[in-house]
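Chemist: Sequence and predicted structure are below.
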Amino acid sequence: MDLLKPTHTINSGLPDTQSAFDCRGLSITRAGVRGLRLPCTITDVDAVSQHSVGVFDLGVRVPAAQRGTHMSRLVQCAHELAPQVRTADLESSLRAILERLDARGGALALRFPWFVEKEAPVSRRSSLLDIDVSYDIHLDPWERRPSLQMSVQVPVTTLCPCSKAISRYGAHNQRSIVSVTLQSRRPIGIGELMSLVEHAASCPVYAVLKREDERHVTEAAYENPKFSEDLVRDLHAEISTKLQPAMLRVETENHESIHNHAAYALIT
């Protein structure tokens, strides 16, 4: 069975109200469904594949003369796409959806947790760390090809340089959530982008740490202090050099351990 192709057509004789003529003269930029949660098998550009739960948003452009779009067809498209999502093929997936809906423009967004197997730095105990990943792709009539944005949210550790400089012993640290959104001329692997984020931090985080690992990550962060400003500058420069994205947004939010607020920094 071809992906996103109807297998049969039923002529029920019922009126197709959504396709009726509309006289208000206003086209609709997007109409569709949001928050459709489905089990997925997702294969990344490096051929790594895993099961996850995807949240789909699908919408299409509705011409001024048409009253509405067929929402049920969009739900069907998501159900047919979910069993075999290939991140490198999302452009062709969107084009197939537009063909199915007979639409000149539309959008496909997919959000899911991605699990990365990590070894603790000393004990080598294996554990899974989850990060949030999203893809947002859209195509409008005046565009020759779809525009695709990829986003990741990665937890890391940062240690305060100021605290280290003024304290006789110790320094406060925090768990930071780094968000990266980019548009690239080539497909970017989730693992590749995550590695760049972790490298820019004071230290990565792990799901399982034994005593010897805890000492290692504590000392590693202490030897590599980073302000939130340091982190976004270092990461933006590294991604710009290695991936050369067409668009890049880097943000970190530090959940402070000694303040009742978060610190953040952002480069767009």
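Modeler: Structure's in. What do you need?

Chemist: residues in contact with stretch 154-172?
Modeler: 129, 131, 173-178, 180, 194, 197-198, 200-205, 217, 221-222, 224-228, 230-231, 252, 254, 256-258 (CB atoms under 8 Å, 6 or more residues apart in numbering). Backbone N, C-alpha and C define where each C-beta goes, glycine included.

Chemist: quick check: mean pLDDT across that stretch?
Modeler: Per-region confidence: stretch 154-172 scores 94 on mean pLDDT.

Chemist: Could you do stretch 212-227 as well?
Modeler: In this model, stretch 212-227 has an average pLDDT of 96.

Chemist: rewinding a little: among the contacts of stretch 154-172, name the buried ones.
Modeler: Buried by 16 or more other CB atoms under 10 Å: 129, 131, 173-174, 176-178, 180, 194, 197-198, 200-205, 217, 221, 225-228, 230-231, 252, 254, 256, out of the contacts of stretch 154-172.

Chemist: Report pLDDT for the closest residue to K242 other than its chain neighbours.
Modeler: Spatial nearest neighbour of K242, chain neighbours left out: L196 (6.9 Å); criterion: CB to CB, 6 or more residues apart in numbering. Per-residue pLDDT puts L196 at 97.

Chemist: any idea which helix or strand carries L196?
Modeler: helix 190-200 (DSSP states H and E).

Chemist: same for that helix, what does it pack against?
Modeler: strand 106-119, strand 126-139, strand 147-159, strand 173-183, helix 228-243 (3 or more CB pairs under 8 Å, 6 or more residues apart in numbering; DSSP states H and E).

Chemist: Serialize the ones you listed to JSON lines and add fields for distance to T87.
Modeler: Shown next, in JSON lines, are those (distance: least, CB to CB, whole Å):
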{"stretch": "strand 106-119", "distance to T87": "9"}
{"stretch": "strand 126-139", "distance to T87": "7"}
{"stretch": "strand 147-159", "distance to T87": "8"}
{"stretch": "strand 173-183", "distance to T87": "13"}
{"stretch": "helix 228-243", "distance to T87": "15"}
